[in-house]
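Asker: Sharing a sequence plus its predicted fold:
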Amino acid sequence: MNQWDVLRQLAHPIVLTYILSMLMINLIAAMTALLLIGAVLPIPVLEDPEGVWERNVGWFLLAVPFAAATFGGLHLRYSWPNLMWLARGGTPRAYEAHVALGQTKRQVMIESGAWVAATFCFVVVNLAARSPELLVLIVITTALVGSVSVTLGYIIGERMLRPLTAIAMSVRFPAAHTAPGVGTRIVLIWGLTTAVPVLGVVMISVSQITDHAGPAATEMNTAVLVLSLIAMIIGFVGIIVMARSISDPLQQVSDAMHRVEAGDLSTRAAVYDGSEIGQLQAGFNSMVKGLAERERLAELFSKHVGEEVARAALEHGNARGGALRKVSALFIDLTGSTRLAAEKPPEVVVAALNEFFELVVDTVSEHGGFVSKFEGDAAVAVFGAPLEIPDSVTPALQCARDMRATLHARIALDFGIGVAFGSALAGNIGAAERFEYTVLGMPVIKATQLSDHAKTRPSRVLATVEAINAADSDEAAQWQIIRLGDLTVAEPLLAARLSDGARKTTGGAPS
């Protein structure tokens, strides 16, 4: 992309319309200032009025193209990243978005500088007239007309550039305001439509009073001056009150949005307006209430199905069906819970089961697994679904060993743990109105069977040989292959040695 490709973006419909509109606004404003000073406003008596007029017109004809070229070049210099973005296409980069969002602010600064420079030059050109009154008239008139031009240019330019601003804000939303607020804009409109014209009337009245044109004219101009000042004061107070009545509730909603963004879903905006603003406040409260309800449902959902399933449902959809996965299944089952339920009060049984399941869930989560379901006093944990991981066996075997140590240290109930590895169907199974994420297949069946055999072993943990062969070498070294009747299984190595010692001491495996 060369410079010509970038410069050609000046013909982009939005850019071209924006440039022509800004040139037209400033040209009309400059011509208005010249006509006001030369033909409309009363000016002091000059020695050579025709010469002064010709000199000012000549300066005007030279200054307009020079100012357009100079300040147009400044606009081009600082807006170059915007043209590069348009030439490249797509979305802007972060810096280009920053430049785009500051376009109207730079426009105001450049045009204000242009009007200050033009005023200074007109004053210098008219020094030869030797009329302080004329110089004051030039300064006041160009200041008022320039203010109108800059304000009107900002309002129109901001509206024209909205399509580009919307794209830029989608890339880089500013942390602070990059444009005047609602209240400031209303005051600007008041200044554009009321304050400037009334100030012109005030200026004429003051000039007539100081010229002492006569008692009747003086009284008339004094009355016009007083009424104009009253109109400006009342209008200013009224517009400030109206601006605050709009900007205050909008600021309140904006502050509440920041609190919601920070996580405070109890935030509410006070509704105290019966207009569209009140509807905005009420709509915000309704939106936050809906967000809070969805947050509670999401939290409840994740507790019922597990955080992994909830996250997978949000990211990939929640339709019925499943797929074959290579997974590791861990099945843990309590021993003696039926006797406990018969001998102890229900609240004691529930507390014991809750403590057991909390330890199981915590240990499984630490090793990256997912507790698929609770079955009475048993639990099924899966590694490798719903979140697929390259090696699901090693963390499952580590989890089984750590779970054994944790449960032995924390609860009095006995248990058996089985671990198996293989292909299984993992997915959402059930009716269209209600289904659950589950894992079906030989790994779950084998793990269930091994948990029953594990209850007769001092280790309380057994795994299939396939699982040991699929694990990494460090974890496989922690297990030992043993025979249980017709079964060939694996048992934690240290636990197996303890088991052999127990056999020599007691003559058999304890039940």
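Answerer: Sure thing, it's come through.
Asker: contacts and neighbour counts: CA atoms only from here.
Answerer: Noted.
Asker: where exactly do the strands run in the stretch 251-400 of the chain?
Answerer: Assigned by DSSP state E, counting those that start in this stretch, the stretch 251-400 of the chain shows strands spanning 321-335, 370-375, 378-383.
Asker: Over to the chain?
Answerer: Assigned by DSSP state E, the chain shows strands spanning 321-335, 370-375, 378-383, 414-430, 435-441, 461-464, 479-484, 487-492.
Asker: And the last one, what does it pack against?
Answerer: Counting contacts by 3 or more C-alpha pairs under 8 Å, 6 or more residues apart in numbering; DSSP states H and E, strand 487-492 is packed against strand 461-464, helix 465-470, strand 479-484.
Asker: The ones you listed: which one's closest to H258?
Answerer: Of all these, it is helix 465-470 that lies closest to H258, at 50.3 Å by C-alpha to C-alpha.
Asker: now the closest one, how far from the centre of its chain.
Answerer: For helix 465-470, the separation from the chain centroid amounts to 47 Å (computed by C-alpha atoms, centre = their mean, to the nearest Å).
Asker: so which of the strands of the chain is the most packed in?
Answerer: Scoring the strands of the chain by mean neighbour count under mean count of other C-alpha atoms under 10 Å gives strand 461-464 as the most buried, with a mean of 28.
Asker: For that one, output the C-alpha coordinates as PDB.
Answerer: What follows is strand 461-464 as a C-alpha-only set of coordinates in PDB (Å, rounded to 0.1, in the frame of the first residue of the first chain):
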ATOM      1  CA  VAL A 461      -7.600 -48.800  44.800                       C
ATOM      2  CA  LEU A 462      -7.500 -50.900  41.600                       C
ATOM      3  CA  ALA A 463      -6.900 -50.000  38.000                       C
ATOM      4  CA  THR A 464      -7.000 -51.900  34.700                       C
END
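Asker: contacting residues around the closest residue to I389 other than its chain neighbours?
Answerer: Once its chain neighbours are removed from consideration, I389 has its nearest residue in F383; the separation is 7.9 Å (C-alpha to C-alpha, 6 or more residues apart in numbering). When contacts are counted by C-alpha atoms under 8 Å, 6 or more residues apart in numbering, F383 touches 327-329, 368-370, 389, 392-393, 395-396.
Asker: go with 10 Å
Answerer: Taking C-alpha atoms under 10 Å, 6 or more residues apart in numbering as the contact definition, F383 lies against 326-330, 364-365, 367-372, 389, 391-396, 421.
Asker: how far away is it from A490?
Answerer: F383 sits 19 Å away from A490 when distances are taken as C-alpha to C-alpha, to the nearest Å.
Asker: Same question for A69.
Answerer: In this view, A69 and A490 are 86 Å apart by C-alpha to C-alpha.
Asker: mind checking how far L188 is from T363?
Answerer: 64 Å.
Asker: before we move on, back to that, weakest of the strands of the chain by average pLDDT?
Answerer: Per-stretch averages of pLDDT across the strands of the chain put strand 435-441 at the bottom, with a mean of 76.
Asker: Neighbouring strands of that one in the sheet, and parallel or not?
Answerer: Strands flanking strand 435-441 in the sheet, each with its direction: strand 414-430 (antiparallel) (DSSP bridges).
Asker: and the partner strand, how far out from the chain's middle?
Answerer: For strand 414-430, the separation from the chain centroid amounts to 40 Å (computed by C-alpha atoms, centre = their mean).
Asker: Compute the inter-axis angle for it and strand 321-335.
Answerer: 160 degrees (axes from the mean of the first three to the mean of the last three C-alpha atoms, to 10 degrees).
Asker: Strand 414-430 vs strand 378-383, what angle?
Answerer: On the basis of the same axes, to 10 degrees, strand 414-430 is oriented at 70 degrees to strand 378-383.
Asker: Only C-alpha atoms, please: export strand 414-430 in CSV.
Answerer: Taking Å, rounded to 0.1, in the frame of the first residue of the first chain, the C-alpha atoms of strand 414-430 are listed here in CSV:
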residue,chain,number,x,y,z
ASP,A,414,-14.7,-47.4,54.0
PHE,A,415,-14.6,-47.3,50.2
GLY,A,416,-13.3,-48.8,47.0
ILE,A,417,-11.9,-47.0,44.0
GLY,A,418,-11.7,-48.4,40.4
VAL,A,419,-10.0,-46.8,37.4
ALA,A,420,-10.3,-47.9,33.8
PHE,A,421,-9.4,-46.5,30.4
GLY,A,422,-10.9,-46.9,26.9
SER,A,423,-13.4,-45.6,24.4
ALA,A,424,-16.8,-44.4,25.7
LEU,A,425,-19.8,-42.5,24.4
ALA,A,426,-19.9,-39.0,26.0
GLY,A,427,-22.7,-36.5,25.4
ASN,A,428,-26.2,-35.3,26.4
ILE,A,429,-28.7,-38.1,26.8
GLY,A,430,-32.4,-37.9,27.8
